[in-house]
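A.B. asks: fold the following.
(4 chains)
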There are 4 protein chains.
Amino acid sequence: MHEELKKLVCDANIELQKRNLVIYSWGNVSGIDRSAGIVAIKPSGVSYDQLTPDKIVLVDLAGKVVEGNLNPSSDTPTHLELYRSFKSIGGICHTHSTSATIWSQACREIPCLGTTHADYFYGPVPVTKSLTKKEIQSDYELNTGKAIVKRFAKIDPLQMQAVLIANHGPFTWGKSPAQAVESMVVLEEIATTALRTIVLQHKPMKVSQYLLDKHFFRKHGKNAYYGQKGK
Amino acid sequence: MHEELKKLVCDANIELQKRNLVIYSWGNVSGIDRSAGIVAIKPSGVSYDQLTPDKIVLVDLAGKVVEGNLNPSSDTPTHLELYRSFKSIGGICHTHSTSATIWSQACREIPCLGTTHADYFYGPVPVTKSLTKKEIQSDYELNTGKAIVKRFAKIDPLQMQAVLIANHGPFTWGKSPAQAVESMVVLEEIATTALRTIVLQHKPMKVSQYLLDKHFFRKHGKNAYYGQKGK
Amino acid sequence: MHEELKKLVCDANIELQKRNLVIYSWGNVSGIDRSAGIVAIKPSGVSYDQLTPDKIVLVDLAGKVVEGNLNPSSDTPTHLELYRSFKSIGGICHTHSTSATIWSQACREIPCLGTTHADYFYGPVPVTKSLTKKEIQSDYELNTGKAIVKRFAKIDPLQMQAVLIANHGPFTWGKSPAQAVESMVVLEEIATTALRTIVLQHKPMKVSQYLLDKHFFRKHGKNAYYGQKGK
Amino acid sequence: MHEELKKLVCDANIELQKRNLVIYSWGNVSGIDRSAGIVAIKPSGVSYDQLTPDKIVLVDLAGKVVEGNLNPSSDTPTHLELYRSFKSIGGICHTHSTSATIWSQACREIPCLGTTHADYFYGPVPVTKSLTKKEIQSDYELNTGKAIVKRFAKIDPLQMQAVLIANHGPFTWGKSPAQAVESMVVLEEIATTALRTIVLQHKPMKVSQYLLDKHFFRKHGKNAYYGQKGK
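C.D. replies: Presented below is the predicted three-dimensional model:
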């Protein structure tokens, strides 16, 4: 069942290692079959070198394992909360990639300092509030998901495919598992350049609203003219 | 037609990836046949792994596609403005390479802090003015080219083969597509060392005019004695 | 004798190079057979490319060579002091890995600034006191071990599998030689992110005690639920 | 003639690229046959991929080419001045490696902040004075060598096998071409860690004289006990 989805999720997890976003088993990618309500996700603690599609675990949106002999990622409740709340997304990614983790540890949103950022993320990359003692001590991973959803009350998750968990690290997403990984690769790069821009220029100017609009919408939406659409 | 040029442009684009200056399809190189007035340029949104000479697009200096089934780079109008204004150049390169992008985002020129810089760039690497709202909202890519040309009113583009676009990233050029890429590789390195020199020494001394002259002209021009000229 | 242990120690040393933690012969890993009281350790000054299990040196806990034609690592007395004092550990690693060495040179403990740190190290990574002139001039390597043991008077070495030697570099350990190397890989990563978090945010907030507890104990101890235990 | 020396010098130059110390043709290594008074050096502007022993140029100590069809490195007069003044050395290396160049551009000596430094360099790595206008405009490369020699008036070049040229980059040396490259690899590493230690700790403590003595002399000189001497 869901062989195609398991293959896509497996490939997307392996891509994390190829892109130097993870060491050991420090990241996970999932994907969803919306019509069936089934999520495919990396098993917990398994290294990318040993990952094969048959090891990908299938769970329903309530978190019940429906296929697979291994435990799903311990972050599964976070993924599920995002799938339940963000109906437009098809894949989710979590890592502890170096530069995005630095911004998460600093509990600071990443301001939009250039067009590389504007090409992918429509505004500053938000950071969640720190979880309370109670939220950490029970249902921690579920509450992490709820903190993200709360932070996105007024944000379209397709215009902002990334978030920083305070004190922790990034989650990204997209229409597919592969796009979730691409969002993570780009987040890591803009996290690096933003950090070093601040080192060079203590308070760098944020890009103007019209430059942000120009770059985001020349790549996304119905008037986009980047790439080979319609060819 | 222009098979040789398309091959050179294709190779130069692929070199961007080998030199770790790009991810995904974040950079482009073009070359010009001056006698025919034909520019060969990377197609928009195509990854370097999939690039072959037959996918390179040919356009005339007014921007009309004269050969190729794919859309040319969305940055084509910038390239064409530079070819129309800088008659001595034969190739152009654009990337979002990490360190050069940091200086662009900080809207700061790169001062000449050492002989590595002086070996290639005759003085500080200039940064353009930020574009106005109007310049961004219509003919954005053309206006980017015009901002570069305006900044170079008193600069010889063969003595300064690089520029930083404010809030955006670098363009470089040279007598050929390969030289445009070499300028980009060197720009990235001197952008890295200049940033870190400032981190170490808040206000480092710029190199003297005579040290700049010595290093630039021992490698360039009629009295150059670096390399194997005349051998 | 102890062929299995020598193989594990050899592999763990070679892993240091694969993980970019060492150049030349700048690091060493050892392992212990507790029942026999025998320690297997890298020979001094031998490069990882040339290392084979038969070159691994066996010493007893008093430092006497019991097998092997080569000199053991000059850091052997430090390893032995740790094995004598920390009865629960089975492998030890020492490197001059870049970021951990920076914290050692700064003589600063690494504060726990995020969950990546909390996943592996239960609190700040401690730094030893600087050794006195007398401690340096005689039995230097033994005294280095004693400084570590003194610093760990109130710390469980299995909850904190790393230490920074003031002015020098890190030691890590674990239940096996391979785990000692894993501790070093993780230490290097959290040393990098902690340094850059401080660059971004002058005084970043440390993680709360409950977040530290949550992350450390979801991976370690009897209530751990990360990974595939019991599967 | 001198086939062995040309092979060693060729290999040492190629090692620069393997160790990521150079791009294009930005570095050079030489070696000397003291009995014959012959120096073998990299040809100018030739890339490491194309370098073979037969392209290595032989010059005498006065700078006259005695074998080879190519121009020797434009830095040859600097190398020769060092060979004439430092009788104990057998190989010299020059690069623009990133971190050592940063310290050169900042015109700052590298303080001894840890034992990694102390293992190789006996004290702070010195920086030359900036050359005067006159010294730059004629016999520039020879005057660079003289500035180094002047700076070493009271320093033993075998205890300090590296120097930073103000505004420029590093030179290193050793008893052989291979050792000159090893000095450069280590210099680059300690330049990186020293820079970042200062970022972390504005004024880090320098290592004590007795710690410097301990580490330098446990690896060098007649009482050294690191490695496999006598085995």
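A.B. asks: what sits closest to the residue in chain A that chain B sits nearest to if chain neighbours are left out?
C.D. replies: Proximity to chain B, evaluated over chain A using C-beta to the nearest C-beta, is greatest for A:Gly227 at 3.1 Å. Bear in mind the C-beta positions are built from the backbone N, C-alpha and C, glycine included. Spatial nearest neighbour of A:Gly227, chain neighbours left out: B:Gly45 (3.1 Å); criterion: C-beta to C-beta, 6 or more residues apart in numbering or on different chains.
A.B. asks: near chain C, which residues of chain A show up?
C.D. replies: A:23-24, A:26, A:43-46, A:69-71, A:74, A:96, A:98-99, A:101-108, A:130-131, A:133, A:136-137, A:140, A:167-169, A:195, A:198-199 (C-beta under 8 Å from any C-beta of the partner chain).
A.B. asks: one step back: ok, the residue nearest to A:Gly227 touching A:Lys231?
C.D. replies: No. Contact criterion C-beta atoms under 8 Å: B:Gly45 and A:Lys231 do not qualify, at 9.7 Å.
A.B. asks: quick one, which of those two is more surrounded?
C.D. replies: Legend: neighbour count by other C-beta atoms under 10 Å in any protein chain shown for B:Gly45 and A:Lys231, higher for B:Gly45 (17 against 10).
A.B. asks: list the contacts for that one?
C.D. replies: For B:Gly45, the contacting residues are A:226-228, B:25, B:71, by C-beta atoms under 8 Å, 6 or more residues apart in numbering or on different chains.
A.B. asks: farthest pair in these?
C.D. replies: Of all pairs drawn from the contacts of B:Gly45, the greatest distance, 12.0 Å, lies between B:Ser25 and B:Asn71 (C-beta to C-beta).
A.B. asks: what do those two both touch?
C.D. replies: Joint contacts of B:Ser25 and B:Asn71 (C-beta under 8 Å, 6+ apart) are B:44-45.
A.B. asks: can you say which helix or strand has A:Cys93 in it?
C.D. replies: Following DSSP states H and E, one finds A:Cys93 within strand A:91-94.
A.B. asks: ok, that strand near chain B or not?
C.D. replies: No. Strand A:91-94 stays clear of chain B (C-beta under 8 Å from any C-beta), getting no nearer than 15.7 Å.
A.B. asks: what packs against that strand?
C.D. replies: Judged by 3 or more C-beta pairs under 8 Å, 6 or more residues apart in numbering or on different chains; DSSP states H and E, strand A:91-94 is in contact with helix A:3-18, strand A:28-33, helix A:76-85, strand A:170-174, helix A:177-200.
A.B. asks: kindly recompute the last result at 6 Å.
C.D. replies: strand A:28-33, strand A:170-174, helix A:177-200 (3 or more C-beta pairs under 6 Å, 6 or more residues apart in numbering or on different chains; DSSP states H and E).
A.B. asks: turn those into a markdown table, including mean pLDDT and mean neighbour count.
C.D. replies: Shown next, in a markdown table, are the helices and strands packed on strand A:91-94 (pLDDT from 0 to 100; neighbours: other C-beta atoms under 10 Å in any protein chain shown):
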| stretch | mean pLDDT | mean neighbour count |
| --- | --- | --- |
| strand A:28-33 | 98 | 26 |
| strand A:170-174 | 98 | 28 |
| helix A:177-200 | 98 | 23 |
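A.B. asks: for C:Ala178, which of these is the nearest?
C.D. replies: strand A:28-33 (23.0 Å).
A.B. asks: what separates the closest one from the chain centre, distance-wise?
C.D. replies: Put simply, strand A:28-33 sits 11 Å off its chain's centre (C-alpha atoms, centre = their mean, to the nearest Å).
A.B. asks: which other residues reach that strand?
C.D. replies: With contact meaning C-beta atoms under 6 Å, 6 or more residues apart in numbering or on different chains, strand A:28-33 is reached by A:2, A:5, A:8-9, A:12-13, A:39-42, A:73, A:75, A:79, A:83, A:90-94, A:177.
A.B. asks: contacts for the following helix or strand past it, please.
C.D. replies: The helix or strand immediately downstream of strand A:28-33 is strand A:38-41, counting by DSSP H and E. Strand A:38-41 is contacted from outside by A:2, A:5-6, A:9, A:30-32, A:56-59, A:72-73, A:76, using C-beta under 6 Å, 6+ apart.
A.B. asks: the residues you listed: which two are farthest apart?
C.D. replies: The span of these, defined through C-beta to C-beta, is set by A:His2 and A:Ser73 at 16.7 Å.
A.B. asks: which one of these two has more residues nearby?
C.D. replies: A:Ser73 (26 against 19).
A.B. asks: could you find the closest non-adjacent residue to that one?
C.D. replies: For A:Ser73, the spatially nearest residue (C-beta to C-beta, 6+ apart) is A:Asn28, at 4.3 Å.
A.B. asks: so how far is A:Leu5 from the one you found?
C.D. replies: Distance, A:Asn28 to A:Leu5, by C-beta to C-beta, to the nearest Å: 15 Å.
A.B. asks: before we move on, what about A:Ala106?
C.D. replies: 36 Å.
A.B. asks: hey, what's A:Ile110 bridged with?
C.D. replies: A:Val125 (DSSP bridges).
A.B. asks: typo on my end, it should be A:Asp60
C.D. replies: Here A:Asp60, judged by DSSP bridges, has bridge partners A:Ile38.
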